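*Asks:* what's the 3D shape of this:
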Amino acid sequence: MKMRKFSIPSSFVSVCWFSSLFAICLFSFLYLHPRDADNCLNILKINSSDTIISQSSKYDVSNETNLTPNVTNLVPMTESKSNDSVIELPTSNQDAPVAASNEPPPSNPTSNQVDGYDPTKIEEESDEEYDKIPSIDVFANPPWNCSREERILWLKEKLQESKLVKSTSRTQNIDEKIQVFLTNCRVRIFLTWIYPANLFGKREIFALESMLKAHFEGCVVILSRSMDSNPGRSILKPILDRGLKVLTLAPDFHYLFSETPAQGWFERLESGEVDPGTVPITVNLSNLLRLAVLYKYGGVYFDSDMIIIKDVSGLRNMIGVDSVDRGMRSWQTVGNAVLIFDKGHPLLWRFMEEFTWNFDGFKWGFGPEMATRAVSKAVNDSNFHFHVMVPLGFYPIDPISITRLFEKPSKNGPNWVKNKFGEINGESYGIHLWNRQTHGLKIEKKSVIGRLISNHCILCQDVYDS
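*Replies:* Presented below is the predicted three-dimensional model:
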């Protein structure tokens, strides 16, 4: 009797071989791969005198609500800036004054009267020291495969080295400086830039120009230690020379976060009780700083990658939806690249609470997620009154599809480019460039983005070389 040979299909062998190879590579990468360039293994030795709190404070957040409440009046925007361009969330007693949850808005105290802020702990900082701010972002690549203690010590070392959050002679009297500058401004606009000045490039300049062109009687405050220096001001000199109202200020984090929910989180971060995670801490400091400054002064916050098309002075207490479930006619997430709120608005306080309760330094997009969760909880709360703008307002295209807007007409067809430009330019207040996805893209000739920037810039230098 002839024995029948058993054969294994070659495809099965291939799958097994590749699976084994993948497993070996993954193991090698996770366990044999050298640690961060800053050498996580040595961080604890270098900083052995520092004290680490093994567990950060925990918060119990109850009564979580559905993150995608229905929107019953989702409508396209119109040129008229009427109330139809926003989704008004249900509330009662709309005209009654609102107070932040459990805390009244601050009465705009001076720096010497603020709890948790000690102006005597201010370091002197010379012009020479100030202008030698590093030209590289020392926070850009936090160690990703280190322990919690190593990450905390790495951050403490970088904060001390960079003086990023130190209260110094440069940050002193920030409240007075802001108040004086904002006098007689029709629109108050705030930006944050917690990166080296040399990274404030052409696209950021175009964004700033668009904000000023749409609001010639407005004032722009750029909260940035690096831009509030001779190198930073030299970058802005062509704009400043035209008499446009732009003020660069090194932020006093201790003062701006004082008497808000951000204060406790910031103090725990500095003392080593908060795991900063693997997302650069500058990203999350910006997420929190924009909330605190709007809470204390009111006005408009724009990300530095927003091209502004229309005057936003007719909008109040507004946040924009950046993604919608069209089938369910409900919004999914809101963005925090544009915030327009009155001073002391309770939703800003709630945003800061959500930030501190649920901080996750490992998650890109934590800011929008935090805002989405807070808005979801506030929808049916009668203490809040605010508006949610449809995506066409500030997020007319998603971060995946936006790459098409950078391409020349021959790639998408001239009619598509013409129609898309007409839609955004005619119906949107602005467009978010989603810089994390597009910073490496070249603006091609006659592309939608190129045409938008060209229409809304002031100096318009080298649009297609950026």
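
*Asks:* For residue 320, see how far away residue 282 is.
*Replies:* When CB to CB, to the nearest Å is the yardstick, residue 282 and residue 320 sit 23 Å from each other. Quick note: C-beta positions are derived from backbone N, CA and C, even for glycine.

*Asks:* the more surrounded of the two?
*Replies:* The residue with more neighbours, out of residue 282 and residue 320, is residue 320; 28 against 20, by other CB atoms under 10 Å.

*Asks:* Now do that one, the pLDDT please.
*Replies:* What the model reports as pLDDT for residue 320 is 96.

*Asks:* Same check on residue 156?
*Replies:* The per-residue confidence score, pLDDT, reads 92 for residue 156.

*Asks:* Put the alpha carbons of the helix or strand encompassing it into CSV.
*Replies:* For residue 156, the host element (DSSP states H and E) is helix 148-162. Provided in CSV are the C-alpha atoms of helix 148-162 (Å, rounded to 0.1, in the frame of the first residue of the first chain):
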residue,chain,number,x,y,z
ARG,A,148,6.8,57.2,34.9
GLU,A,149,9.5,58.4,37.3
GLU,A,150,12.0,58.7,34.5
ARG,A,151,9.6,60.8,32.4
ILE,A,152,8.9,63.1,35.3
LEU,A,153,12.6,63.6,36.1
TRP,A,154,13.3,64.2,32.4
LEU,A,155,10.6,66.9,32.3
LYS,A,156,11.8,68.6,35.5
GLU,A,157,15.3,68.8,34.1
LYS,A,158,14.1,70.3,30.8
LEU,A,159,11.8,72.8,32.6
GLN,A,160,14.7,74.0,34.8
GLU,A,161,17.1,74.1,31.8
SER,A,162,14.7,76.1,29.5
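
*Asks:* Tell me where the stretch 301-450 of the chain has helices.
*Replies:* 346-357, 366-378, 409-412, 414-427, 435-438, 448-456 (DSSP state H, counting those that start in this stretch).

*Asks:* could the ones you listed be laid out in a markdown table, adding mean neighbour count?
*Replies:* Below are those laid out as a markdown table (neighbours: other CB atoms under 10 Å):
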| stretch | mean neighbour count |
| --- | --- |
| helix 346-357 | 24 |
| helix 366-378 | 22 |
| helix 409-412 | 14 |
| helix 414-427 | 15 |
| helix 435-438 | 15 |
| helix 448-456 | 22 |
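
*Asks:* so which of these gets nearest residue 151?
*Replies:* When the helices of the stretch 301-450 of the chain are ranked by distance to residue 151, counting by CB to CB, first place goes to helix 366-378 at 15.8 Å.

*Asks:* could you give the mean pLDDT of the closest one?
*Replies:* On average, helix 366-378 scores 93.

*Asks:* Same check on stretch 431-442?
*Replies:* Predicted confidence along stretch 431-442 averages 94 (mean pLDDT).

*Asks:* next one: stretch 198-210
*Replies:* Averaged across stretch 198-210, the pLDDT comes to 96.

*Asks:* next helix or strand past the helix holding residue 156?
*Replies:* Proceeding N to C from helix 148-162, the next assigned helix or strand is helix 174-181, under DSSP H and E.

*Asks:* Tell me which residues of that next one come out buried.
*Replies:* Within helix 174-181, the residues that qualify as buried are 174-175, 177-178, 181, counting by 16 or more other CB atoms under 10 Å.

*Asks:* Once you drop chain neighbours, what's closest to the residue nearest the centre of the chain?
*Replies:* Per CA atoms, centre = their mean, the C-alpha nearest to the average position across the chain is that of residue 287, at 4.7 Å. Residue nearest to residue 287 in three dimensions, not counting chain neighbours: residue 367, with 3.7 Å by CB to CB, 6 or more residues apart in numbering.
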